[in-house]
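*Asks:* Give me a 3D structure for the following:
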Amino acid sequence: MAGGGEDSRALFRAGVRAALQGWPALQIAVENGFGGIHSQEKAEWLGGAVEEYFLRNADLELDEVEDFLGELMTNEFDTVVEDGSLPQVSQQLQTMFHHFQRGDEAALREMASHIAQRMHRVRATMVTTAREADEDEDDVDSMEEMEVTAMNDGTATDGVCPQPEPSNPDSQTIKEEDIVEDGWTIVRRKK
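*Replies:* Residues are numbered from 1 along each chain as shown. Prediction:
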């Protein structure tokens, strides 16, 4: 290996971590706890495991890297990656490793920086999307509060439509003691 210096190795390590942190499939698995209560620790361990895998196997093919990452995601996070990102992340990691082998620290820095910038752009987009979703929910709420014009026997009535009366009032009554904490209602059989 031509570029096995400590600076190159630190840059390769940082690049691997940046690539994994920018991988949406892994981040979703971590955020949703697919790896159990220690999902975050597993994600951090994954960076070291990937780095070690490359250092021990100098001439890896792309499909070997994909298989390794896919196996780790399945075993550690119960996640099968089918979004097409596995080949992309594998290619990034392999390219970084080739730069590391040649001792091309400038290319390693550039790749890690590029991945980090793209990751920030994706996160900013997700925040915007979340705000838009909140605004959409507000629109739904405001629609529910709007007055409705209903047609009864051909005539228009302004205001809220009256609720239909139950056909048998005794069978539909809910007693106060049937409503318990947390909004649950006890349902009893007819007598």
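*Asks:* Next, the residues that contact stretch 40-56 from outside, please.
*Replies:* Residues outside stretch 40-56 that contact it (C-beta atoms under 8 Å, 6 or more residues apart in numbering): 12-13, 16-17, 20, 26, 29-30, 35-36, 60, 68-69, 72, 76-77, 93, 97, 100. Just so you know, the C-beta spots here come from the backbone N, C-alpha and C atoms, and that holds for glycine as well.
*Asks:* now do stretch 91-105
*Replies:* For stretch 91-105, using C-beta under 8 Å, 6+ apart, the contacting residues are 1-5, 7-9, 11-12, 15-16, 19, 50, 54, 58, 60, 62, 65, 69, 107-108, 111-112, 115.
*Asks:* Flag every buried residue along it.
*Replies:* Neighbour-count burial for stretch 91-105, counted by 16 or more other C-beta atoms under 10 Å, picks out 92-94, 96-97, 99-101, 104-105.
*Asks:* Columns distance to residue 46 on top of those, output as CSV?
*Replies:* Formatted as CSV, the buried residues of stretch 91-105 follow (distance: C-beta to C-beta, whole Å):
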residue, distance to residue 46
92, 15
93, 12
94, 16
96, 15
97, 16
99, 21
100, 18
101, 22
104, 25
105, 24
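*Asks:* Out of the residues you listed, which sit inside helices?
*Replies:* 92-94, 96-97, 99-101, 105 (DSSP state H).
*Asks:* Dump those to a markdown table, plus distance to residue 189 and pLDDT.
*Replies:* Shown next, in a markdown table, are those (distance: C-beta to C-beta, whole Å; pLDDT from 0 to 100):
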| residue | distance to residue 189 | pLDDT |
| --- | --- | --- |
| 92 | 61 | 92 |
| 93 | 61 | 93 |
| 94 | 65 | 93 |
| 96 | 66 | 91 |
| 97 | 67 | 92 |
| 99 | 72 | 89 |
| 100 | 71 | 90 |
| 101 | 74 | 90 |
| 105 | 75 | 86 |
